[in-house]
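Q: sequence first, predicted coordinates after that:
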Amino acid sequence: MPHVLGLDSSTQSCSALIIDTDTQSIVAEASVNFGDNFPTYAAPNGFMPIGANGEVHSPPQMWLDALELLLEGLKGQCDLSQVAAISGAGQQHGSVYLNDQWLNCIDTLDTAESLSEQIAPCLSRSTSPIWMDTSTGAECREIAAAVGGDDAVCAKSGSIAIERFTGPQIRRFFKNDPEGYAQTAHIHLVSSFLCSVLCGADAPIDTGDGAGMNLLNIQAWDWDADLLDATAPELRKRLPEVAQGATTAGTASDYFVQKYGFAAGTPITVFTGDNPSSLVGMGASQPGKLVVSLGTSDTFFAAMPGVVADPQGCGHVFGNPAGGSMSLQCFVNGSLAREEVKDKFDYDWDQFTAALAKTPVGNNDQVMVPFFRPEISPRVDLDDPVLKGSDAFEKWEQADAAIRACVEGQFINMKLRTDWMQLKPEVIYLTGGASKNDAIAQVVADVFQAKVQRLAVSGSVALGAALRAASHSLGLDLHELESQFCKPEAGSTLEPKASAEAYAASAETIAKLLS
Ligand code: ADP
Ligand code: XUL
C-alpha cells in the first residue's frame with residue numbers, strides 16, 4: 001500500500017493530498033477554507049478580528065471542524081484504508097490550552113459526535129493566540145531580562161524573544177488569567193494538537209515547530225530549563241516531549257478508523273510547522289536551495305549547513321525535519337497586504353496582475369512601505385509612524401502605481417532583511433497561494449536578480465508532510481522522494497528582466513524609511 005496522506009492546517013485553510021509512492025503521483029487532493037466553510041466562527045481569514053493590544057486569536061474548534069470536512073472530502077475520492085502512513089503540519093507558533101480531561105477525551109472519542117463538540121470541554125482557553133498576535137511585548141522583555149538579555153535568549157532558542165512565539169504567549173496567559181493557567185494541564189502547538197487528536201494520545205512537538213516557541217534549546221534540541229523558568233511556573237509538566245522529525249507519534253485512533261475508514265494501526269509521523277514542512281515539500285531539505293513562500297505570511301527560508309543567527313534579531317533558526325537546522329525570516333504583511341491594495345481599488349487578481357504589467361520596473365522611484373498591520377521583519381509596532389504612514393496610502397489615487405509600489409516594497413524589504421543569511425541563490429523556489437501569479441514572481445526575480453521556479457505540485461506544505469511520512473514509516477529515502485515529487489512545473493521558470501541597478505534608489509529610500 002504505497003498511499004501516503006499529508007495534511008496542512010495553515011492560517012486560512014486546511015488542505016491535504018494523498019500521494020502514491022509507486023507511481024509517483026497525486027491520488028487525491030482536498031482543501032477547506034476556514035472563512036468560507038465556517039462563517040459562524042467569525043474568522044473570515046482564519047482568525048478573529050484583531051483584539052485589544054494586538055491580540056490575534058483563532059478558535060481551535062474551527063480547525064477540528066475543517067479537519068473532519070477535509071477527511072470527508074478525501075473519503076469521497078479514494079479508499080482511506082489504503083493509506084499506509086500519515087503526517088501533517090500546522091501554522092507555526094499558535095498554541096492550544098487543554099485541561100485534565102484531554103487525554104481521556106481523545107482516547108475515547110465517539111463517532112456519533114463531532115471532534116469539536118467532544119473536545120470543546122477540554123479547552124482551558126477557548127481561543128488560541130496565533131502567529132499574527134503582537135500583544136506580548138512586555139512578556140518578551142521580561143523573559144529576556146530573566147535569561148540575561150536578547151543575545152542569551154537567541155543563543156539558546158535560535159531567536160530573540162518574539163511576540164508571536166509561544167513562550168511569551170504562554171507567559172501572558174499565565175499573567176492575565178492565572179486561574180485558566182492553573183486549569184491547563186497540557187499546552188500544544190497547532191501541529192502537535194492535531195497530531196494528538198489523530199493518534200488519540202499526546203503527541204510530541206518536533207524540533208522544526210518547537211524552535212518557534214522561545215522554549216527549546218537549539219544545541220540540545222530539548223526544553224531549556226532557564227527559558228521554561230523565565231516563562232511560567234511548572235511549565236515543563238504541561239508540555240509534551242520534544243522529538244526529531246523522523247519519529248512515530250502513534251497510530252490512527254479508533255475514531256478515524258471507524259468514521260473515515262483508515263486501517264487500524266496506520267502509523268502517524270510527528271507533525272511539524274508549515275514552513276519546515278514546506279522546506280521538504282519544495283525539495284529543499286538539503287542545504288543549497290532557497291525557498292520563498294507567499295502565503296498569508298511571506299517567508300524566506302533555507303536548510304543551513306550550520307546555525308547562523310540574525311544580527312538584526314528578526315530571523316530564526318528552526319529544526320530541519322530532515323535533520324540539522326534551517327533559517328527563516330517571516331513577513332506578516334504578505335498576501336493580506338497585497339489584498340488590502342487590491343481591494344482598495346476594487347480590483348480582482350487579473351486587474352492586479354495587469355497593473356504590474358502596465359507599470360515600469362522601479363515604479364519611477366515611487367515607493368511604499370506596505371505594512372497594514374504590525375510587522376516583524378523589521379519590527380514595526382502598532383503605534384509606529386511607519387505603520388501610520390500607510391494613511392498616506394489612502395491618498396494614493398493611481399491604482400497601478402500603488403500596486404507596483406506595494407509588491408516592489410515587499411520584496412525590496414525582503415532582500416534587505418535576509419542579507420544576513422548570506423545566500424546568493426541562482427534559483428529561488430517559489431510556493432504559497434500567490435506564487436502562481438507570474439507578475440508577482442517576476443518582481444521576485446528582478447529584485448533578487450535570480451531565476452524563479454515554481455513546482456508542479458502546488459501544496460508544498462501537505463506534500464512535505466506526505467514525503468516525511470513516506471520516508472519515516474515506509475523506509476523510503478527522503479531525498480529520492482524529493483527528487484521524484486518536487487519537480488519544476490514545465491514553463492514556470494522566470495529569468496530576471498531588470499538590471500541589478502533598477503532598484504538601487506528605491507532600496508535606499510526604503511532602508512532609510514525603516515532605519
Ligand atoms: P496559507 O497557507 O497561509 O493559509 P496560502 O498559501 O493558501 O495561505 O495563500 C493564500 C493567499 O494566496 C490568499 O490570501 C491570496 O491573497 C493569495 N492568492 C491567491 N490567488 C492569488 C493570485 N492569483 N495572485 C496573488 N495572490 C493570490
Ligand atoms: C513563521 C510564521 C508564519 C506561520 C504561518 O515564523 O510565523 O509563517 O508559520 O504560516
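A: Everything's here; your move. Since the model is a prediction, treat every value here as computed from it, not as a measurement. Numbering: from 1, shown residues only. Ligands and ions are numbered 1, 2, ... in the order given.

Q: okay, and for the stretch 251-400 of the chain, where does confidence drop off?
A: 388-392 (pLDDT under 70).

Q: mind redoing it with 50?
A: The stretch 251-400 of the chain contains no residues with pLDDT under 50.

Q: what segments of the stretch 151-300 of the chain are strands?
A: Along the stretch 151-300 of the chain, counting by DSSP state E, counting those that start in this stretch, strands occupy 186-189, 205-206, 216-217, 222-223, 242-243, 248-251, 267-269, 272-273, 290-294, 298-304.

Q: note down every partner strand of the last one and its orientation.
A: According to DSSP bridges, the neighbouring strands of strand 298-304, each with its direction, are strand 290-294 (antiparallel), strand 325-331 (antiparallel).

Q: sorry, back to before: who wins for proximity to ligand 1 among the strands of the stretch 151-300 of the chain?
A: strand 290-294 (6.8 Å; C-beta to the nearest ligand atom). The way it works is simple: take the backbone N, C-alpha and C, and place the C-beta from them, glycine included.

Q: that closest one close to ligand 2?
A: No. Applying C-beta under 6 Å from any ligand atom, one finds strand 290-294 out of contact with ligand 2, separated by at least 7.4 Å.

Q: would JSON lines of the strands paired with strand 298-304 with mean neighbour count and distance to ligand 1 be doable?
A: Output for the strands paired with strand 298-304, formatted as JSON lines (neighbours: other C-beta atoms under 10 Å; distance: least, C-beta to the nearest ligand atom, whole Å):
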{"stretch": "strand 290-294", "mean neighbour count": "25", "distance to ligand 1": "7"}
{"stretch": "strand 325-331", "mean neighbour count": "25", "distance to ligand 1": "11"}
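
Q: so which of those strands gets nearest residue 273?
A: strand 325-331 (9.2 Å; C-beta to C-beta).

Q: contact partners of the closest one?
A: 131, 158, 208, 218, 275-276, 279, 297-304, 306-308, 310, 314-320, 375-377, 410, 413-414, 417-418, 421 (C-beta atoms under 8 Å, 6 or more residues apart in numbering).

Q: sort out for me which of those residues are in helices.
A: 208, 275, 276, 279, 410, 413, 414, 417, 418 (DSSP state H).

Q: also near ligand 2: which of those residues, exactly?
A: residue 275.

Q: any chance of TSV for the ones in helices among the contacts of strand 325-331, columns distance to ligand 1?
A: Output for the ones in helices among the contacts of strand 325-331, formatted as TSV (distance: C-beta to the nearest ligand atom, whole Å):
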residue	distance to ligand 1
208	16
275	10
276	14
279	14
410	12
413	18
414	16
417	19
418	19
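
Q: scan the ones in helices among the contacts of strand 325-331 and report the most crowded one.
A: residue 276 (34 neighbours; other C-beta atoms under 10 Å).

Q: correct me if wrong: that residue contacts residue 323.
A: No. Counting by C-beta atoms under 8 Å, residue 276 sits too far from residue 323 to count as a contact (11.5 Å).

Q: quick check: neighbours shared by the two?
A: By C-beta under 8 Å, 6+ apart, the residues touching both residue 276 and residue 323 are residue 245.

Q: ligand 1 contacts on the chain?
A: So far as C-beta under 6 Å from any ligand atom goes, the chain lies against ligand 1 at 10-13, 295-296, 335, 338-339, 349, 432-434, 436-437, 440.

Q: residue in the stretch 101-250 of the chain nearest to ligand 1?
A: residue 131 (9.7 Å).

Q: per-residue pLDDT, residue 229?
A: You'll see residue 229 listed with a pLDDT of 98.

Q: hey, where'd the strands end up in the stretch 351-500 of the chain?
A: Going by DSSP E, counting those that start in this stretch, the stretch 351-500 of the chain shows strands at 375-376, 379-380, 427-431, 451-454.

Q: what sits against the residue of the stretch 101-250 of the chain closest to ligand 1?
A: So residue 131 contacts 11, 91, 92, 93, 94, 164, 297, 330 (C-beta under 8 Å, 6+ apart).

Q: go on, residue 492?
A: Here residue 492 is in contact with 453, 454, 455 (C-beta under 8 Å, 6+ apart).

Q: distance of it relative to residue 468?
A: Distance, residue 492 to residue 468, using C-beta to C-beta, to the nearest Å: 24 Å.

Q: which helix or strand contains residue 74?
A: Assigned by DSSP states H and E, residue 74 belongs to helix 60-77.

Q: mean confidence for that helix?
A: pLDDT averaged over helix 60-77 gives 98.

Q: off-centre distance for it?
A: Distance of helix 60-77 from its chain centroid, counting by C-alpha atoms, centre = their mean, to the nearest Å, is 19 Å.

Q: coming back round to it: buried subset of the contacts of strand 325-331?
A: 131, 158, 208, 218, 275-276, 279, 297-304, 308, 310, 314-320, 375-377, 410, 413-414, 417-418, 421 (16 or more other C-beta atoms under 10 Å).

Q: wait, residue 432 touches residue 300, no?
A: No. In this structure residue 432 lies outside contact range of residue 300 using C-beta under 8 Å: 11.3 Å.
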